[in-house]
Structure formats: C-alpha cells, structure tokens
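>>> how would this look folded up:
(2 chains)
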Amino acid sequence: MTTARPGHTEQAGHTEQAGHTEQRVRTRLEPPVGAESGPYWDATREGRLLVQWCLRCDRGIFYPRAFCPYCTGVGGDEVGGPLAWHEASGRATVHAAVVEHRPEAAGALFANGTPYCVALVDLEEGVRMMTNIVGCRPEDVHSGMAVTVCWERLSDGRQLALFRPAEEET
Amino acid sequence: MSREERTARGAAAIVGMIDDVSPTGELDRTGRELEVAMVLGALEDAGLTLADVDGVCHPESAVAFAEYLGLHPTFVESTMTGGSSYEVHLEHAAAAIAAGLCEVVVSVYASTPRSDRTRKRRQPRRGMAGPNPMQEWELPFGLRLPMGPYALAADRHMHEFGTTSEQLAAIAVSTREWAALNPRARYRDPLTVADVLASPLQVSPLHLLDCCLVTDGAGAFVMTSAARARTLRKPPVYVLGAATCTDHMGITQMPDLTTTPGAVSGARAFAMAGLGPADVDVLMGYDSFTITALLHLEDLGFCAKGEGGPFAAEVGLGPGGSLPMNTNGGGLSFTHPGMYGMFLITEAVRQLRGEADARQVDGAEVAVAHGSGMFLSVLSTAVLGTEATL
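Numbers count the residues shown, from 1 in each chain, chains lettered A, B, ... in the order given. Below is the predicted model of the structure:
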C-alpha cells in the first residue's frame, strides 16, 4: 500500500511508523458503543443528534460519561450530575480542520484514495466533536465555517455524524 | 506546604547515561538485549554497577524488567505517558531519591520499529485495548495517528495567530543544522525552507519534513543523590526543577489546541529551579513535529503565546544562535524511535558535561528537557544544571 519515497521512507508521514497499520480497516473503522453512549447511538438510527447534558451545570458534555466532569467541587450524592440527553440542532462551527492527503496511510479506505477533511466542530450547544466535513472540496474547509450535520449509515444501522457546509455557506 | 518548601532542587543528579542510534536508522540488537546493554552502559558511564541499583523505571513494566535484571528495587516506576515518559521518570526518581525511598535509579528505553520492519521481526501489538473514547469518537473519521492531532493544533495556531508553513519549516531547518554536526544523526544534508514546503503534504498543514523520523534507538540514564553523585566518575547533572501536567488524552478533549499543558509543567519546573527561560543555555524540546517544538517555545515562556512563528524563524535556534534548540538534531533529523524523550535527557547531559563535541554550546550551565507525550497530552519539564547552578 505504501509507495516508498527514496530518502524519506522512515518519516512519520509514512505507514512504516509503528501503530499505523493497526488502524487499517476495510471501510470505516466502526465505533464501539461506550458504556454511557447507548442513547447517543440509538438516536442516530433516526438521524437525531443527542448531547449529554448536566442539569446542575446546565451545559453539554462530550463524550458521554457516567458523571459530569464539570461538577468539580460538588460533594456527596450530588457529584457529577444529574445527567440527561438534549437533542442538538445539528448546527455547528468548524474549530480546526485538516486534510489527509494520504488516505492509505491513515487506513481510511472509506475515502477511496482521495483526500478528505477531518475537523473539530463546535456544536451550537457548546460541545466539540470530531467529524469529517463532506459536500465541498476538503481544502475549502476553514475555521469559523458554518456547517450542519448529515449522516452516514454504519453496517449495524447506527449512523455516523458527518457535517457539510450550511446552506448560507454554499 | 508550598511547592518551594517541599522542593527537591539539587537533591538528585544524573550521573550516568548512554544512547545508541545509527545513521542507518537501524540497530543490530533489539528487545531486552538492547535494554540491558543500555543499563550497563549508563552504569559504566557513572562508575556504578547493577549491585548499586535500588530503583528501576520502565514504561511497560518496571517489575518485569527488574526481575529480568535480577534486581530487588525499593522503587519501581512504570508510568507510561508516551514520549514524555522519561521526563516523568526523571521527576519521580528525583523526588524518590530526595525522600530516601532509594538511592540509585535507572531508567531505560529501547525500540527498534525500523529494523523490526525491514528484518520482519514479529512486532508486539500496540495501541489501546478495548473500547475507548478515541476509538469511539475520533478514529472513525480517519484521523491519522500520531500526526492528525498535531495537524489540527497547527491549523488552529495558523488560524488564530497567522503562523505560516514557512515559520514551521524554519524549525526543521535549524534542527537539521544541528544534525549536520552530529555524525550519528540519520539526516545530515542541508535542508531549506523550500525543501520542507516542497515535501509532500501529509495531514495538512504538515508536510513530510515537518514530521519526525521513524528509527531504531535506545538509551538509559542513572540518577542518585547529590552527595553520592559527587563521588562518582562524571560531573553530576543536577535536577534543579521538574514538573508534569496532563490535560487530555484525545485531541477532542484538549482545552485549547494552541496551548499545551507544558505551560503548567514548565512554569512549575522553573519555579522549583528558581530560574526562568532567560537562564536556559540549551533547550531540548520534544520535536515529534515542527508544531510541537513551536508550542514549547511559547508555553515555556521563551516568547509570548501566538508569537512562536516569527520567534522560531528569527531568534536563532540553530548552531551559533541565541537559543540552541535540539542540538542533537532532534526527532526531526537525529532519531525518533517512538518515545523520544530519553534523547532529550541524554543530550542535555552531554551539553552540561561539555561532551557534545562539534555541537557543544559554550559555557552551557542550564538545560531544559521538555517532553511531550501522546497527543500534546502529557508534558513533563526537567530543568537541569551543572554544579555551578546549585
């Protein structure tokens, strides 16, 4: 899979770096369901994007946890919650974005060998998550860009939250 | 009790060290054989033997390694923080020695990813076992590790502060200038900013030559109490300050993509040492990628946040410059077996002993070894000094 580049074959940009080959997958590396994230994944089957919410702090939590990591200094039974799920609008802003120019080195066969964008996006509800920005040229994605959620079906019916440029941007 | 009151400043010293790399990028020995050779070499450098050792550090299992060596240590340390593991070991060993838990501590590293591949050795499985947040929330999007998180930090730094690819490339260029003076470095040919920008984009904005090497490499260091250090073979290199901080594992959880927890570990280590950036003669700052080193310049206080780009391009990080950085040629041009932090320490010791040959920084009295582990996740800073700095 890797094309040797004489002179620089051991730079970390190449899959010869230990740890890269483990992530090779046929299409998507399908995410496991964490102990606390069942409701999130179940909602994706219907195209709903949920954010775990701490009712004490009145703020979103990402990724889902068994307790709120922002409830610091709270003791006794009240530590870390109570927690609920909040349906997100799907609107977000790009915080940082990069383009993978060697999909085979990333084991990302879903990209069919073409460069793709990996981004951190800030949801309107105040949490940051990783995603791919689709529906535009990957090099056109930039920090501050408005995006909106779209979905990619996984093999078990769950859906992966991807984002595309918001209407006003296109 | 304030940090200053419980300081271990100058209580422990590095008294022996060794590292093993080759311009071919490959070593003949591997595994335990190589680890044991490093331990024995570092002890020989100190004028000590295995019988003196009562503390063992190893980022996989200090217990298993102590057993292999036939030691019965009273201090074992298996903290695994990725590339910064050895700075953390140094910090913990200094504290343990100061507290009397042990007297002679050895830390060791050996990794041969390049020859494992070329010689088709069976490689141990790496990576994190079982479901974990990075598998669930980051890896499905094709984020290449370890590069991807660093590329995100670089993109955000460019967006917030106007940092340019040329400024990042300047770090690769000055580091290569040091490598040219090191006969053991993997790459010694001159490099230009244009060369870096012309190398293939990997995860933008990082080019191939913004990335560290993948080579074999090994090393070890020995520490003991200041009192015992003065009786040994080589000039002691004292631990003046040491501190560690972590603020995330996966990059989605990093509080600020442009500020590493090195801003905390650096400030605490300097406070313990009673020194500041202006006192540093040699900076060994973990350079897994050019952006990694740029963030160290800001977070350690050599320049203000956001000014790392112009600073790196103008201050003089290479030979003869005002801030000698990564004088061995760094992870970018010297060696990078995966957890490079060992080589920050061995080179800092060489410089403070005056053993750095053509790349010796004249009159070096204070060196900083600043390790970065995982994905800008765990930063550990050691401020080291000669006898004159006590």
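
>>> how about the nearest residue to residue B:79, chain neighbours excluded?
For residue B:79, ignoring the flanking residues on the chain, the nearest one in space by C-beta to C-beta, 6 or more residues apart in numbering or on different chains is residue B:88 at 5.0 Å. Backbone N, C-alpha and C define where each C-beta goes, glycine included.

>>> Can I get the helix or strand harbouring the one you found in PDB? Just the C-alpha atoms.
Assigned by DSSP states H and E, residue B:88 belongs to helix B:85-99. Presented in PDB, the C-alpha positions along helix B:85-99 are these (Å, rounded to 0.1, in the frame of the first residue of the first chain):
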ATOM      1  CA  SER B  85       7.700   9.000  29.900                       C
ATOM      2  CA  TYR B  86      11.400   9.500  30.600                       C
ATOM      3  CA  GLU B  87      11.000  13.100  31.800                       C
ATOM      4  CA  VAL B  88       8.300  11.800  34.200                       C
ATOM      5  CA  HIS B  89      10.600   9.100  35.400                       C
ATOM      6  CA  LEU B  90      13.300  11.700  36.000                       C
ATOM      7  CA  GLU B  91      10.900  13.800  38.000                       C
ATOM      8  CA  HIS B  92       9.700  10.900  40.100                       C
ATOM      9  CA  ALA B  93      13.200   9.500  40.600                       C
ATOM     10  CA  ALA B  94      14.400  12.800  41.900                       C
ATOM     11  CA  ALA B  95      11.600  13.000  44.300                       C
ATOM     12  CA  ALA B  96      12.100   9.400  45.500                       C
ATOM     13  CA  ILE B  97      15.800  10.000  46.000                       C
ATOM     14  CA  ALA B  98      15.100  13.200  47.900                       C
ATOM     15  CA  ALA B  99      12.600  11.300  50.100                       C
END
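
>>> Give the buried residues for it.
Across helix B:85-99, burial judged by 16 or more other C-beta atoms under 10 Å in any protein chain shown covers B:85-98.

>>> for stretch B:160-172, same thing?
For stretch B:160-172, the neighbour count (16+ other C-beta under 10 Å) marks B:161, B:163-165, B:167-172 as buried.

>>> Can you report how many residues neighbour the residue in chain A positioned nearest to chain B?
Closest residue of chain A to chain B, C-beta to the nearest C-beta: residue A:108 (3.3 Å). Counted with other C-beta atoms under 10 Å in any protein chain shown, residues neighbouring residue A:108 total 28.

>>> near chain A, which residues of the stretch 251-390 of chain B show up?
Contact residues, the stretch 251-390 of chain B versus chain A (C-beta under 8 Å from any C-beta of the partner chain): B:251-252, B:257, B:288-289, B:336, B:338.

>>> about what we covered before: please name the bridge partners of the residue of chain A closest to chain B.
On DSSP bridges, the residues paired with residue A:108 through beta bridges are residue A:25.

>>> contacting residues for it?
Contact analysis of residue A:108 by C-beta atoms under 8 Å, 6 or more residues apart in numbering or on different chains lists A:25, A:100, A:116, B:142, B:144.

>>> Include pLDDT when you put the buried residues of helix B:85-99 into TSV, please.
Formatted as TSV, the buried residues of helix B:85-99 follow (pLDDT from 0 to 100):
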residue	pLDDT
B:85	96
B:86	97
B:87	96
B:88	96
B:89	97
B:90	97
B:91	96
B:92	96
B:93	97
B:94	96
B:95	95
B:96	95
B:97	95
B:98	94
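
>>> Show me the shaky parts of chain A.
Applying pLDDT under 70 to chain A flags the ranges A:1-26, A:72-80, A:168-170.

>>> Just give the closest residue to the residue of chain B found nearest chain A, not the sequence neighbours.
As assessed by C-beta to the nearest C-beta, chain A sits closest to residue B:142 within chain B, at 3.3 Å. Leaving out its chain neighbours, the residue that sits closest to residue B:142 by C-beta to C-beta, 6+ apart is residue A:108, at 3.3 Å.

>>> ditto for residue A:82
Sequence neighbours aside, residue A:55 is the residue nearest to residue A:82 in space, at 5.0 Å (criterion: C-beta to C-beta, 6+ apart).

>>> Can you tell me which of the buried residues of stretch B:160-172 is nearest residue B:356?
Using C-beta to C-beta, residue B:171 is the member of these that sits closest to residue B:356, with 19.9 Å.
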